[in-house]
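Asker: Build the 3D model from these lines:
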Amino acid sequence: MEGKRSWWIGRASNPVGDATRCRVGSTPIPFRHPFRRGARRVSSAMIIADHDFPDDLWLLVEHQVWARPEADNTVTVGITSLGIHLAGEIYMCRLKPVDTVLEQGRSIGVVELAKTIVSVKSAVSGTVLAINRDVEAMPELLRSDPYGAGWLARLRCGDWAADQANLQQPAHAVNATLEYVATTQRPDRWTDG
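Answerer: Below is the predicted model:
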């Protein structure tokens, strides 16, 4: 054999482009920052920083929580997919009991993370009508379906008009959400998936 050839020459898994990382036994993949700047629309949701925000939500961006007004004049609240991603692994969720009166931006419950317990804020003021017992039993629902089965509580809203002044719909929350990501993102929380 004349000269030395790199081991990958002639193989199907040649590194291409700016490949800087690879998975063992697979084609090398280029490094991709997990939060692309900007936003885009996919069907009935905004994609902001690689996380979806359905159009029917109202967001309290500084706490990464959402509110969805329902037809029966109640409001369902939960944590955004971005908020869950930034929190990391969630081991436990404990919510305030039914009939508790809440204020917007105050605690609706707590979640236990790998090294801390964090208070989850309510997107709206009101009285708790129902809590999601499934999330308390299986906190992984928060990550797998944050806008469906991962809802936290249903509230009878005290003053929707006053609360709405502090909330934003996803199409109007793009800049605030990107600013939130820029100020809270830490490299030790970057993931590739």
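Asker: residue boundaries of the strands in this protein?
Answerer: In the chain, the segments counted as strands under DSSP state E are 19-21, 29-30, 39-42, 45-48, 51-54, 58-60, 65-69, 75-79, 90-95, 101-102, 107-113, 117-121, 126-131, 153-157.
Asker: Least confident secondary structure element in the protein?
Answerer: Using mean pLDDT, DSSP states H and E, the weakest-scoring helix or strand in the chain turns out to be strand 39-42, at a mean of 39.
Asker: Out of the strands of the chain, which is the most enclosed?
Answerer: strand 75-79 (a mean of 26; mean count of other CB atoms under 10 Å). C-beta: built from backbone N, CA, C; applies to glycine.
Asker: what lines up beside it in the sheet?
Answerer: strand 65-69 (antiparallel), strand 153-157 (antiparallel) (DSSP bridges).
Asker: among these, which gets the worst mean confidence?
Answerer: Among the strands paired with strand 75-79, strand 65-69 has the lowest mean pLDDT, at a mean of 92.
Asker: List the contacts of that strand.
Answerer: Residues outside strand 65-69 that contact it (CB atoms under 8 Å, 6 or more residues apart in numbering): 53, 56-60, 75-80, 83, 120-124, 147, 151, 157, 160, 163, 167.
Asker: again with stretch 158-171
Answerer: 45-46, 48, 53-55, 57-61, 67, 69, 75, 101, 104-105, 123-127, 157, 176.
Asker: Setting aside sequence neighbours, what's the nearest residue to residue 63?
Answerer: Sequence neighbours aside, residue 121 is the residue nearest to residue 63 in space, at 4.0 Å (criterion: CB to CB, 6 or more residues apart in numbering).
Asker: so what's the one you found up against?
Answerer: So residue 121 contacts 60, 63, 65, 105-108 (CB under 8 Å, 6+ apart).
Asker: from those, which two are the most distant?
Answerer: Within the contacts of residue 121, two members stand farthest from each other by CB to CB: 60 and 107, at 13.0 Å.
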